[in-house]
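**Student:** Any chance you can model this:
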Amino acid sequence: MPHPIMFRDDDPGLAELRRIALGYPEAFEKVSWGRPVFCAPKMFAMYGGSQKIRPGQMTQYPHSVLVKVDESERPALQADPRFFHPAYMGPSGWLGLDLTAAPVDWDEVRELIDASYRLCASRRLIRILDEQSSDPA
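**Tutor:** Next up, the predicted model:
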């Protein structure tokens, strides 16, 4: 049985996340687990998530972005109350940023997406990204 769709295409947060994530080399969007997932070809970001509170009880964060984080960054991010440990993906190094907890700093989101992309993408794609970043045009 497929997962129900858990987002709306007219969500302004999703529109901004798409603008950022789809700007990365070979990035594409697909729907997995009922949510928009951004891949290149490995997943590097997801819109929306949940956190397990106790067995059988979850808190939903429909307006959030999930990213893979470097272990050295994890303690600082987890100290920030806007971040949560997403169900299923948290044990694999992912954190979620609740976009409703405070005004969204899209530069911060862009940095989180960039770091996640670099942790998930191939060396070839990272090289392309770096070449694009250093191109003065």
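
**Student:** what about the chain, any weak spots by pLDDT?
**Tutor:** The model of the chain has pLDDT under 70 over residues 1, 136-137.

**Student:** Which elements pack onto the longest helix anywhere in it?
**Tutor:** Secondary structure of the chain per DSSP state H: the longest helix is helix 106-120. On a contact count with 3 or more CB pairs under 8 Å, 6 or more residues apart in numbering; DSSP states H and E, helix 106-120 meets helix 12-21, strand 43-54, strand 57-68, helix 123-134. For the C-beta atoms, the positions are set from N, CA and C on the backbone; glycine is no exception.

**Student:** same thing but 7 Å
**Tutor:** Contacts defined by 3 or more CB pairs under 7 Å, 6 or more residues apart in numbering; DSSP states H and E place helix 106-120 against helix 12-21, strand 43-54, strand 57-68.

**Student:** which residues are contacting the first one?
**Tutor:** The contact list for helix 12-21, computed with CB atoms under 7 Å, 6 or more residues apart in numbering, reads 7, 27, 29, 36, 38, 45, 47, 63, 65, 99, 106, 109-110, 113.

**Student:** Using PDB, write out the CA atom coordinates for it.
**Tutor:** The C-alpha trace of helix 12-21 is given here as PDB (Å, rounded to 0.1, in the frame of the first residue of the first chain):
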ATOM      1  CA  PRO A  12       5.700  28.300   0.100                       C
ATOM      2  CA  GLY A  13       8.300  26.500   2.200                       C
ATOM      3  CA  LEU A  14       8.400  23.600  -0.200                       C
ATOM      4  CA  ALA A  15       8.600  26.000  -3.100                       C
ATOM      5  CA  GLU A  16      11.700  27.700  -1.600                       C
ATOM      6  CA  LEU A  17      13.200  24.300  -0.700                       C
ATOM      7  CA  ARG A  18      12.700  23.200  -4.300                       C
ATOM      8  CA  ARG A  19      14.400  26.300  -5.600                       C
ATOM      9  CA  ILE A  20      17.400  25.600  -3.500                       C
ATOM     10  CA  ALA A  21      17.700  21.800  -3.700                       C
END
